[in-house]
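Chemist: Dropping the sequence and predicted coords here.
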Amino acid sequence: MQDAALRLKSLMEQLLGAPLPVRIRAWDGSQAGPPGAPVLVVRNRRALRRLLWKPGELGMARAWVAGDLTVDGDLYAVLNAVAETVWERDEDARSLGQALRDPEVRAAVRGLVRMAGSPLPPAPPREEVRRRSRLSHLHTKHSDRRAISHHYDVGNDFYEIVLGPSMVYSCAYWESPDGTLEDAQRDKLSLVARKLDLRPGMRLLDVGCGWGSMAIHAAREHGVSVVGVTLSQEQAAYARKRVAEEGLTDRVEIRVQDYRDVTDGPYDAISSIGMAEHVGSERYLEYTRNLYALLKPGGRLLNHQIGRRPWHDESAYELDGFIDAYVFPDGELAPIGVTVTQLESAGFEVRDVESIREHYALTLRRWVANLEADWPNAVRLTSPGRARVWRLYMAASAVAFERNQIGVNQVLAVRTPDSGASGVPLRARTWN
């Protein structure tokens, strides 16, 4: 009897305490759920075993990365449906623990166990980060190198597919949703340069320089001498090649170096674009103090960073299971208020905070479109699992930005001298 989808639908609705917003298609060909709804495809019983052994997001992620779980049709439609039912449920919706106290739900789970077959847990996909220990080695220089390597050293050719010619892996700045990704990334680099007031002869430190785009832009367009630092060997090699091709080797130095090891200040300006998410809450004040010490009096910092909504109980905050295991190991997001406080605690004067949340949703959708347009090549350059990781990560992030689950902010801060002369114009928002 082909009824796997109906049984799965019934169980999931009992666990959620709400109607299932997607249609399920199971490995036996059965379907259940609202007609015309986005379709979640459970391709085999192994997907159930993954969910049983790791209930919640990590089990779902493992099933997706392994190809046991997929979507037929619009991925964004599925993610939005899940967001409405799971991410943004009313507070009185039943938790898993509450649901399991219901005898009918326990009976359904026992049925799910029987459906899943073998009692042995499937091995995690090889793309998952392996850790011996977590808490004792969080955000050391060694663990940060490993985390950065996991995310960035997957092949420059792969990132060329996703990012396009700009090779900028951070939120673009859009004049119009109909614009090109390359123009929007160029406009973002120009925005950062204007906020920093870059001028010929200045020294810029680009923390987390990626593939060198900001360093090249600053040197070529503003006559600045730049030191860019990254922990990724592949990024550094790629960036140095680009710098040489631009004829900028006399003005741009790319180093494989931890930001904590930079000691050759003072710099006139510092850009940190999409890097601070890797720092971690325990190290964030150290990060801000280090950057403060590297700036000359009157120097500016532009900190471009993803932020999350504050929790009612901040002590309960946990890293996102999927992103931590497959995308950004040890990456942490903080509310913008926490970021500003840490900058001020280090001595900075925060002069401007600009939210560009909607811009990141547009950027991510373009990256997903690039990946999907060249999917066979992306799979060949990495692995099917790795390509699935990036597709889900970027699409889910786009939805999270659109729904105000997360945001991204540019914070302009100054090492204001004792005289109080910040050097910032009376009407600073001339870059708009």
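Modeler: Everything's here; your move. The model shown is predicted, which means the values in this text are computed figures rather than measured ones.
Chemist: Tell me where the stretch 151-300 of the chain has strands.
Modeler: With strands called from DSSP state E, counting those that start in this stretch, the stretch 151-300 of the chain shows them at 203-207, 225-230, 252-256, 267-273, 295-308.
Chemist: Save those strands as TSV, and put in mean pLDDT and mean neighbour count too.
Modeler: Quick note: C-beta positions are derived from backbone N, CA and C, even for glycine. Listed next are the strands of the stretch 151-300 of the chain as TSV, based on pLDDT from 0 to 100; neighbours: other Cβ atoms under 10 Å:
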stretch	mean pLDDT	mean neighbour count
strand 203-207	98	25
strand 225-230	98	24
strand 252-256	98	20
strand 267-273	98	25
strand 295-308	98	21
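Chemist: Can you say which of the ones you listed is nearest to L48?
Modeler: strand 295-308 (31.0 Å; Cβ to Cβ).
Chemist: Which of the helices or strands spans S397?
Modeler: Using DSSP states H and E, S397 maps to helix 384-402.
Chemist: again, but for M60
Modeler: helix 57-66.
Chemist: Could you tell me the angle between that helix and helix 384-402?
Modeler: Angle of helix 57-66 versus helix 384-402, following axes from the mean of the first three to the mean of the last three Cα atoms, to 10 degrees, is 130 degrees.
Chemist: Return the list of strands paired to the next helix or strand after helix 57-66, each annotated with direction.
Modeler: Later in the chain than helix 57-66, the nearest helix or strand by DSSP H and E is strand 69-72. Paired with strand 69-72 in the same sheet, following DSSP bridges, are strand 39-42 (antiparallel).
Chemist: what does the strand it pairs with rub up against?
Modeler: 4-5, 8, 22-27, 31, 33, 48, 68-73, 78 (Cβ atoms under 8 Å, 6 or more residues apart in numbering).
Chemist: Let's test this: mean pLDDT of it, rounded?
Modeler: Across strand 39-42, pLDDT averages out at 96.
Chemist: so G347 makes contact with Y292?
Modeler: Yes - counting by Cβ atoms under 8 Å, Y292 is a contact partner of G347 at 5.0 Å.
Chemist: Could you check which of these two has the larger neighbour count?
Modeler: In this view G347 and Y292 are compared by other Cβ atoms under 10 Å, and Y292 has more residues nearby, 19 against 14.
Chemist: So the more buried one sits against E349, correct?
Modeler: No - Y292 lies out of contact with E349 (Cβ under 8 Å); the separation is 10.6 Å.
Chemist: now for the helix holding M60, which elements pack on it?
Modeler: Where contact means 3 or more Cβ pairs under 8 Å, 6 or more residues apart in numbering; DSSP states H and E, helix 57-66 is packed against helix 45-53, strand 69-72, helix 321-326, helix 384-402.
Chemist: thinking again about what came up before, now list whatever residues contact both of Y292 and E349.
Modeler: What both Y292 and E349 touch, as defined by Cβ under 8 Å, 6+ apart, is the set R415.
Chemist: Output stretch 178-185 as CSV, nothing but the C-alphas.
Modeler: Included here for stretch 178-185 are C-alpha records, laid out as CSV according to Å, rounded to 0.1, in the frame of the first residue of the first chain:
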residue,chain,number,x,y,z
ASP,A,178,16.7,45.3,-12.1
GLY,A,179,20.4,46.3,-12.0
THR,A,180,23.3,43.9,-12.6
LEU,A,181,25.2,42.2,-9.8
GLU,A,182,28.5,43.5,-11.1
ASP,A,183,27.2,47.1,-11.0
ALA,A,184,25.8,46.6,-7.5
GLN,A,185,29.1,45.2,-6.2
